[in-house]
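Here is a sequence together with a model predicted from it:
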Amino acid sequence: MHPELFHIGPITIYTYAFLIVLGTLVASIYTKWRARKELENINLSNNFFYYIFIAGFIGGKIFYYLERPAYFFSHPRKMLHNFSGGFVFYGSFITIIVFLIWYLKKHKIPFWPMLDILAITILIVHAIGRLGCFFGGCCYGKPTGSFLGMAFPTTHGQRVHPTQLYEIFALLTIMAILFYLKKRQHFKGEIFVTYLILYALARNILELYRGDPRGYIINGYLSHSQFIGIIIILIGLLFYSKLKKNIINP
(Lines give C-alpha, C1' and ligand atoms only; values in the text may rest on other atoms or scores of the structure.)
Protein backbone atom coordinates (compact mmCIF):
# COMPACT_ATOMS: atom_id res chain seq x y z
CA MET A 1 0.00 0.00 0.00
CA HIS A 2 1.00 3.64 -0.19
CA PRO A 3 0.11 5.47 3.05
CA GLU A 4 2.53 8.29 2.18
CA LEU A 5 1.94 9.97 -1.16
CA PHE A 6 5.04 12.17 -1.30
CA HIS A 7 7.30 14.40 0.76
CA ILE A 8 8.01 18.12 0.54
CA GLY A 9 11.13 18.56 2.62
CA PRO A 10 10.22 17.50 6.17
CA ILE A 11 6.49 17.59 5.36
CA THR A 12 4.73 14.32 4.55
CA ILE A 13 1.63 14.32 2.37
CA TYR A 14 -0.46 11.30 3.33
CA THR A 15 -2.52 9.51 0.69
CA TYR A 16 -5.52 9.35 3.03
CA ALA A 17 -5.53 13.11 3.68
CA PHE A 18 -4.96 13.90 -0.01
CA LEU A 19 -7.92 11.76 -1.08
CA ILE A 20 -10.18 13.26 1.58
CA VAL A 21 -9.34 16.73 0.27
CA LEU A 22 -9.83 15.56 -3.33
CA GLY A 23 -13.18 14.01 -2.44
CA THR A 24 -14.27 17.21 -0.71
CA LEU A 25 -13.31 19.27 -3.78
CA VAL A 26 -15.20 17.01 -6.22
CA ALA A 27 -18.21 16.88 -3.89
CA SER A 28 -18.28 20.67 -3.45
CA ILE A 29 -18.30 21.18 -7.23
CA TYR A 30 -21.19 18.72 -7.56
CA THR A 31 -23.12 20.33 -4.68
CA LYS A 32 -22.78 23.88 -6.05
CA TRP A 33 -23.90 22.72 -9.48
CA ARG A 34 -26.97 20.85 -8.20
CA ALA A 35 -27.93 23.63 -5.77
CA ARG A 36 -27.92 26.23 -8.56
CA LYS A 37 -29.95 23.89 -10.78
CA GLU A 38 -32.49 22.58 -8.25
CA LEU A 39 -32.84 25.30 -5.60
CA GLU A 40 -33.65 28.45 -7.58
CA ASN A 41 -30.06 29.38 -8.35
CA ILE A 42 -28.86 29.27 -4.73
CA ASN A 43 -25.15 29.99 -4.77
CA LEU A 44 -23.44 28.28 -1.84
CA SER A 45 -20.42 30.12 -0.48
CA ASN A 46 -17.06 28.43 -0.13
CA ASN A 47 -17.36 28.92 3.63
CA PHE A 48 -20.23 26.41 3.63
CA PHE A 49 -17.85 23.66 2.50
CA TYR A 50 -15.04 24.79 4.82
CA TYR A 51 -17.41 24.56 7.79
CA ILE A 52 -18.61 21.11 6.72
CA PHE A 53 -15.02 19.92 6.38
CA ILE A 54 -14.12 21.23 9.84
CA ALA A 55 -17.27 19.76 11.42
CA GLY A 56 -16.58 16.39 9.82
CA PHE A 57 -12.93 16.46 10.86
CA ILE A 58 -13.74 17.24 14.50
CA GLY A 59 -16.60 14.76 14.76
CA GLY A 60 -14.66 11.96 13.08
CA LYS A 61 -11.73 12.44 15.43
CA ILE A 62 -13.81 12.69 18.60
CA PHE A 63 -15.65 9.44 17.84
CA TYR A 64 -12.33 7.79 16.95
CA TYR A 65 -10.93 8.71 20.36
CA LEU A 66 -14.13 7.52 22.06
CA GLU A 67 -13.71 4.05 20.54
CA ARG A 68 -10.63 3.53 22.73
CA PRO A 69 -10.68 6.27 25.38
CA ALA A 70 -8.37 4.45 27.82
CA TYR A 71 -5.72 3.96 25.13
CA PHE A 72 -5.68 7.61 24.03
CA PHE A 73 -5.76 8.82 27.62
CA SER A 74 -2.63 6.74 28.23
CA HIS A 75 -1.01 7.83 24.95
CA PRO A 76 -2.05 11.48 24.47
CA ARG A 77 0.59 12.07 21.78
CA LYS A 78 -1.25 9.62 19.54
CA MET A 79 -4.10 12.13 19.42
CA LEU A 80 -1.83 14.49 17.46
CA HIS A 81 -1.51 12.10 14.50
CA ASN A 82 -4.39 13.81 12.74
CA PHE A 83 -3.57 13.43 9.07
CA SER A 84 -2.49 9.80 8.67
CA GLY A 85 -5.96 8.35 9.31
CA GLY A 86 -8.02 7.65 12.38
CA PHE A 87 -11.55 8.88 11.71
CA VAL A 88 -14.98 7.40 12.41
CA PHE A 89 -17.43 8.06 9.58
CA TYR A 90 -20.50 8.18 11.79
CA GLY A 91 -18.78 10.74 14.02
CA SER A 92 -18.21 13.00 11.03
CA PHE A 93 -21.72 12.35 9.74
CA ILE A 94 -23.48 13.23 13.00
CA THR A 95 -21.56 16.49 13.55
CA ILE A 96 -22.14 17.52 9.93
CA ILE A 97 -25.90 16.91 10.24
CA VAL A 98 -26.03 19.02 13.41
CA PHE A 99 -24.17 21.80 11.61
CA LEU A 100 -26.47 21.55 8.57
CA ILE A 101 -29.63 21.86 10.65
CA TRP A 102 -28.30 25.13 12.06
CA TYR A 103 -26.79 26.48 8.82
CA LEU A 104 -29.70 25.73 6.47
CA LYS A 105 -32.26 27.22 8.84
CA LYS A 106 -30.13 30.31 9.47
CA HIS A 107 -29.65 30.98 5.75
CA LYS A 108 -33.22 29.93 4.86
CA ILE A 109 -32.11 27.24 2.42
CA PRO A 110 -34.79 24.58 1.75
CA PHE A 111 -33.92 21.84 4.22
CA TRP A 112 -35.03 18.54 2.69
CA PRO A 113 -34.23 19.46 -0.94
CA MET A 114 -30.71 20.41 0.15
CA LEU A 115 -30.30 17.16 2.08
CA ASP A 116 -31.37 15.25 -1.03
CA ILE A 117 -28.47 16.86 -2.89
CA LEU A 118 -26.08 16.26 0.00
CA ALA A 119 -26.88 12.53 0.05
CA ILE A 120 -24.91 12.21 -3.21
CA THR A 121 -22.30 14.66 -1.91
CA ILE A 122 -21.64 12.49 1.14
CA LEU A 123 -21.34 9.37 -0.99
CA ILE A 124 -18.73 11.04 -3.22
CA VAL A 125 -16.55 12.10 -0.27
CA HIS A 126 -17.03 8.78 1.48
CA ALA A 127 -16.13 6.60 -1.52
CA ILE A 128 -12.97 8.57 -2.31
CA GLY A 129 -12.10 8.66 1.39
CA ARG A 130 -12.43 4.87 1.67
CA LEU A 131 -9.95 4.61 -1.20
CA GLY A 132 -7.61 6.53 1.09
CA CYS A 133 -8.25 3.92 3.79
CA PHE A 134 -7.28 1.20 1.30
CA PHE A 135 -3.98 2.87 0.41
CA GLY A 136 -3.33 3.65 4.07
CA GLY A 137 -3.97 0.06 5.15
CA CYS A 138 -6.56 0.95 7.79
CA CYS A 139 -10.17 -0.27 8.15
CA TYR A 140 -9.16 -3.71 6.89
CA GLY A 141 -11.13 -6.93 7.34
CA LYS A 142 -10.82 -10.24 9.13
CA PRO A 143 -8.36 -12.93 7.99
CA THR A 144 -9.54 -14.91 4.99
CA GLY A 145 -8.28 -17.64 2.72
CA SER A 146 -10.51 -16.62 -0.18
CA PHE A 147 -9.23 -15.27 -3.48
CA LEU A 148 -10.41 -11.83 -2.38
CA GLY A 149 -7.91 -11.71 0.46
CA MET A 150 -5.16 -9.09 0.47
CA ALA A 151 -2.19 -8.45 2.73
CA PHE A 152 -1.59 -4.98 4.15
CA PRO A 153 1.50 -3.72 5.99
CA THR A 154 -0.74 -3.25 9.03
CA THR A 155 -1.77 -6.95 8.91
CA HIS A 156 1.88 -8.13 8.91
CA GLY A 157 1.52 -10.19 5.75
CA GLN A 158 -1.71 -11.91 6.75
CA ARG A 159 -4.38 -11.96 4.03
CA VAL A 160 -7.58 -10.25 5.08
CA HIS A 161 -10.85 -9.10 3.55
CA PRO A 162 -10.28 -5.75 1.76
CA THR A 163 -13.34 -4.26 3.43
CA GLN A 164 -12.36 -0.80 2.18
CA LEU A 165 -13.02 -1.99 -1.39
CA TYR A 166 -16.21 -3.76 -0.32
CA GLU A 167 -17.47 -0.50 1.13
CA ILE A 168 -16.53 1.50 -1.97
CA PHE A 169 -18.57 -0.97 -4.04
CA ALA A 170 -21.50 -0.59 -1.61
CA LEU A 171 -21.29 3.21 -1.75
CA LEU A 172 -21.23 3.29 -5.54
CA THR A 173 -24.18 0.88 -5.65
CA ILE A 174 -26.16 3.12 -3.28
CA MET A 175 -25.26 6.14 -5.41
CA ALA A 176 -26.58 4.39 -8.53
CA ILE A 177 -29.82 3.53 -6.70
CA LEU A 178 -30.24 7.15 -5.57
CA PHE A 179 -29.70 8.52 -9.08
CA TYR A 180 -32.32 6.06 -10.33
CA LEU A 181 -34.70 7.05 -7.53
CA LYS A 182 -34.11 10.74 -8.18
CA LYS A 183 -35.85 10.47 -11.55
CA ARG A 184 -38.91 8.98 -9.82
CA GLN A 185 -38.84 10.95 -6.58
CA HIS A 186 -42.19 11.18 -4.78
CA PHE A 187 -41.39 13.66 -1.99
CA LYS A 188 -38.63 15.96 -0.77
CA GLY A 189 -36.29 14.16 1.58
CA GLU A 190 -36.85 10.77 -0.02
CA ILE A 191 -33.33 10.61 -1.47
CA PHE A 192 -31.61 11.51 1.80
CA VAL A 193 -33.70 9.21 4.00
CA THR A 194 -33.22 6.33 1.54
CA TYR A 195 -29.48 6.97 1.69
CA LEU A 196 -29.57 6.81 5.50
CA ILE A 197 -31.32 3.45 5.51
CA LEU A 198 -29.31 1.84 2.70
CA TYR A 199 -25.93 2.91 4.03
CA ALA A 200 -26.75 1.85 7.60
CA LEU A 201 -27.83 -1.58 6.32
CA ALA A 202 -24.70 -1.95 4.19
CA ARG A 203 -22.43 -0.79 7.02
CA ASN A 204 -23.96 -3.23 9.51
CA ILE A 205 -23.19 -6.09 7.12
CA LEU A 206 -19.67 -4.80 6.40
CA GLU A 207 -18.95 -4.61 10.13
CA LEU A 208 -19.20 -8.43 10.24
CA TYR A 209 -16.07 -8.58 8.06
CA ARG A 210 -14.05 -5.81 9.72
CA GLY A 211 -10.91 -7.01 11.45
CA ASP A 212 -9.18 -3.83 12.62
CA PRO A 213 -9.45 -2.82 16.31
CA ARG A 214 -13.09 -1.89 16.91
CA GLY A 215 -15.07 -0.25 19.66
CA TYR A 216 -17.90 -2.47 20.88
CA ILE A 217 -21.18 -1.94 22.71
CA ILE A 218 -21.38 -5.72 23.26
CA ASN A 219 -17.84 -7.05 23.02
CA GLY A 220 -17.36 -9.17 19.94
CA TYR A 221 -21.00 -8.92 18.86
CA LEU A 222 -22.23 -5.33 18.44
CA SER A 223 -19.78 -2.60 17.40
CA HIS A 224 -20.32 1.12 17.94
CA SER A 225 -20.99 1.55 14.21
CA GLN A 226 -23.56 -1.24 14.16
CA PHE A 227 -25.33 0.24 17.17
CA ILE A 228 -25.41 3.70 15.58
CA GLY A 229 -26.50 2.11 12.29
CA ILE A 230 -29.49 0.40 13.93
CA ILE A 231 -30.59 3.73 15.45
CA ILE A 232 -30.19 5.47 12.07
CA ILE A 233 -32.27 2.78 10.32
CA LEU A 234 -35.09 3.28 12.83
CA ILE A 235 -34.89 7.08 12.52
CA GLY A 236 -34.77 6.79 8.72
CA LEU A 237 -37.84 4.56 8.60
CA LEU A 238 -39.69 6.97 10.90
CA PHE A 239 -38.87 10.00 8.74
CA TYR A 240 -39.66 8.12 5.53
CA SER A 241 -43.09 7.22 6.89
CA LYS A 242 -43.79 10.78 8.09
CA LEU A 243 -42.59 12.49 4.90
CA LYS A 244 -44.53 10.07 2.70
CA LYS A 245 -47.64 10.52 4.84
CA ASN A 246 -47.40 14.29 4.45
CA ILE A 247 -47.79 14.09 0.67
CA ILE A 248 -50.82 11.85 1.07
CA ASN A 249 -52.40 13.86 3.88
CA PRO A 250 -50.92 17.39 3.62
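Sure, I can see it.

CA only for contacts and neighbour counts going forward, please
Will do.

avg pLDDT for stretch 227-245?
Here stretch 227-245 scores 95 as its mean pLDDT.

Check which residues of it are buried.
Across stretch 227-245, burial judged by 16 or more other C-alpha atoms under 10 Å covers 229-230, 232-233, 236, 239-240, 243-244.

Repeat that for stretch 23-33.
Result for stretch 23-33 [16+ other C-alpha under 10 Å]: buried residues 23-24, 27-28, 30-33.

Now, the buried residues of stretch 227-245 that are in strands?
When the buried residues of stretch 227-245 are checked against strands (DSSP state E), there are no matches.

any chance you could map the strands in this structure?
Going by DSSP E, the chain shows strands at 4-8, 11-14, 150-151, 159-160, 216-218, 222-223.

which of these sits most buried?
Across the strands of the chain, averaging neighbours per residue (mean count of other C-alpha atoms under 10 Å) puts strand 159-160 on top, at a mean of 21.

can you redo the buried residues of stretch 227-245 as JSON lines with distance to residue 196?
Formatted as JSON lines, the buried residues of stretch 227-245 follow (distance: C-alpha to C-alpha, whole Å):
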{"residue": "229", "distance to residue 196": "9"}
{"residue": "230", "distance to residue 196": "11"}
{"residue": "232", "distance to residue 196": "7"}
{"residue": "233", "distance to residue 196": "7"}
{"residue": "236", "distance to residue 196": "6"}
{"residue": "239", "distance to residue 196": "10"}
{"residue": "240", "distance to residue 196": "10"}
{"residue": "243", "distance to residue 196": "14"}
{"residue": "244", "distance to residue 196": "16"}
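
and which of those is nearest residue 191?
Nearest to residue 191, judged by C-alpha to C-alpha, of those is residue 240 at 9.8 Å.

for that closest one, what are its contacts?
Contacts here follow C-alpha atoms under 8 Å, 6 or more residues apart in numbering; on that basis residue 240 touches 189-190, 193-194.

now it: how far from residue 202?
Distance of residue 240 to residue 202, given as C-alpha to C-alpha, to the nearest Å: 18 Å.

Low-confidence stretches in the chain?
1, 67-86, 248-250 (pLDDT under 70).

returning to what we had before: between all of the contacts of residue 240, which two are separated the most?
Within those, 189 and 194 form the most distant pair, 8.4 Å apart (C-alpha to C-alpha).

Count the residues that sit near residue 15.
By the criterion of other C-alpha atoms under 10 Å, residue 15 has 25 neighbours.

any idea how far it lies from residue 138?
12 Å.

Residue 160 now?
Taking C-alpha to C-alpha, one finds residue 160 at 12 Å from residue 138.

re the thing from before, which of the buried residues of stretch 227-245 sits closest to residue 42?
Looking across the buried residues of stretch 227-245 and measuring by C-alpha to C-alpha, the closest to residue 42 is residue 243, at 23.7 Å.

tally of neighbours for residue 39?
14.

re the thing from before, if we take the buried residues of stretch 23-33, which one ends up nearest to residue 156?
Distances from residue 156 to these, taken by C-alpha to C-alpha, are shortest for residue 23, at 29.1 Å.
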